[in-house]
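J.: Model the structure of this input:
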Amino acid sequence: MCRTLAAFPTTCLERAKEFKTRLGIFLHKSELGSDTGSVGSKHSKEGNFPEDVLAWRESFDLLLSSRNGVAAFHTFLKTEFSEENLEFWLACEEFKKLRSATKLASRAHRIFEEFIRCEAPKEVNIDHETRELTRTNLQAATAACFDVAQGKARALMEKDSYPRFLKSPAYRDLAAQASAATSSPCSPAEPSHT
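T.: Next up is the predicted model:
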């Protein structure tokens, strides 16, 4: 029962194309590398973009569990020059998956140098005590050595950046289109039985 695109009304195809174009600005997967896909949720695996987009406003956890949500949020943060907290959070999520003690130690030092140390290239906004605790944790690196710093970066994003993302014109426009797409789904015209 395969139907061709020609079976869909022209206005429906135009709306779908416009929606895809608008969503495209958020889906620059290459900007985050392959790490982005590691956090995926059922929304992103199903590829149902309208539902995925609308779920992002339900909770920060749903945004972070969506591959497209992370990409959209990252793109937004880049416009504010504040993407380092998300990049640090993602690096920590990948770090926790490592099982080799050698790799843990090596990666821990790289993450510390990139995000935690004073004057780091992508220094995250954490207090001195957390920075020093993290430095101490590196002496015997475990999968949990960044937990406190990651939690503070996450809390900062949830309290500060996430509400601004939801109020941004780009997200509001995308959510409006997603609402329209889910409330009046386009389907091929059913044959009339007259």
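
J.: now do the same end-to-end measure for stretch 62-70.
T.: Criterion CA to CA, to the nearest Å; first-to-last residue distance in stretch 62-70 is 10 Å.

J.: cool, and stretch 133-141?
T.: 12 Å.

J.: Off-centre distance for it?
T.: 28 Å (CA atoms, centre = their mean, to the nearest Å).

J.: mind listing what's buried in that stretch?
T.: By neighbour count, with 16 or more other CB atoms under 10 Å as the criterion, the buried positions of stretch 133-141 are 134, 137-138, 141. For glycine as for every other residue, the C-beta is placed from the backbone atoms N, C-alpha and C.

J.: Quick check: residue 63 vs residue 72, distance?
T.: 8 Å (CB to CB, to the nearest Å).

J.: which neighbours do those two share?
T.: Counting by CB atoms under 8 Å, 6 or more residues apart in numbering, the contacts common to residue 63 and residue 72 are 56, 165.

J.: What does the pLDDT read for residue 84?
T.: Per-residue confidence for residue 84 comes out at a pLDDT of 97.

J.: That one: neighbouring residues, count only.
T.: The number of residues packed near residue 84 is 18, by other CB atoms under 10 Å.

J.: Just give the nearest non-adjacent residue to it, would you?
T.: Of all residues beyond its chain neighbours, the one nearest residue 84 is residue 122 (4.0 Å), with distances taken as CB to CB, 6 or more residues apart in numbering.

J.: residue contacts, that neighbour?
T.: With CB under 8 Å, 6+ apart as the criterion, the residues that contact residue 122 are 84, 87-88, 114-115.

J.: and if you look at residue 92?
T.: When contacts are taken as CB under 8 Å, 6+ apart, residue 92 is in contact with 111, 146-147, 149-150.

J.: One more: residue 100?
T.: Taking CB under 8 Å, 6+ apart, one finds nothing in contact with residue 100.

J.: For the most centrally placed residue in the chain, give its distance to residue 102.
T.: Closest residue to the average C-alpha location of the chain: residue 70 at 0.6 Å, with CA atoms, centre = their mean. Distance of residue 70 to residue 102, given as CB to CB: 28 Å.
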